[in-house]
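> have a look; sequence and predicted model below, questions after that.
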Amino acid sequence: MGRKRWSFKNLGKYSWPWRFSSSAFRWRRLNFHLFILDDVLFKIISVFEAIILVSTLCFFYLCCGCHF
């Protein structure tokens, strides 16, 4: 009783339709200016988030913190 062995040669005859559609899965090239814009927006949002977090912490300690 012989078992069928799997190989890449057998895969080739069944995978030919995928060769034509593989270009649909490629990433398109992005513009370099988008990376700069992304970097600047990340820094601005990070600073804004840090201000919000610090102000929330200050509000907590002023209103709900230790009472003497």
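Now that the structure is in, tell me what you want to look at.
> quick one: low-confidence ranges for this protein?
Residues of the chain meeting the criterion pLDDT under 70: 1-32, 66-68.
> which strands and helices sit next to the longest helix along it?
Of all segments of type helix in the chain, defined using DSSP state H, the longest is helix 32-63. Packed against helix 32-63, as judged by 3 or more CB pairs under 8 Å, 6 or more residues apart in numbering; DSSP states H and E, are no other helices or strands. The way it works is simple: take the backbone N, C-alpha and C, and place the C-beta from them, glycine included.
> name the residues of that helix that are buried.
Within helix 32-63, no residue counts as buried by 16 or more other CB atoms under 10 Å.
> residues contacting residue 56?
Applying CB atoms under 8 Å, 6 or more residues apart in numbering, we find residue 56 in contact with no residue.
> going forward, count from 566.
Yes, from this point I'll number from 566; that puts the last item at residue 621.
> what's the spacing between it and residue 605?
According to CB to CB, to the nearest Å, residue 621 stands 25 Å off from residue 605.
> next, residue 630: secondary structure please.
The local conformation at residue 630, judged by DSSP: H, G, I helix; E, B strand; the rest coil, is coil.
> what about it, how many residues nearby?
10 (other CB atoms under 10 Å).
> how close does residue 630 get to residue 608?
31 Å.
> and what of residue 615?
For residue 615 relative to residue 608 (CB to CB), the value is 11 Å.
> mutual contacts of these two, please.
By CB under 8 Å, 6+ apart, no residue touches both residue 615 and residue 608.
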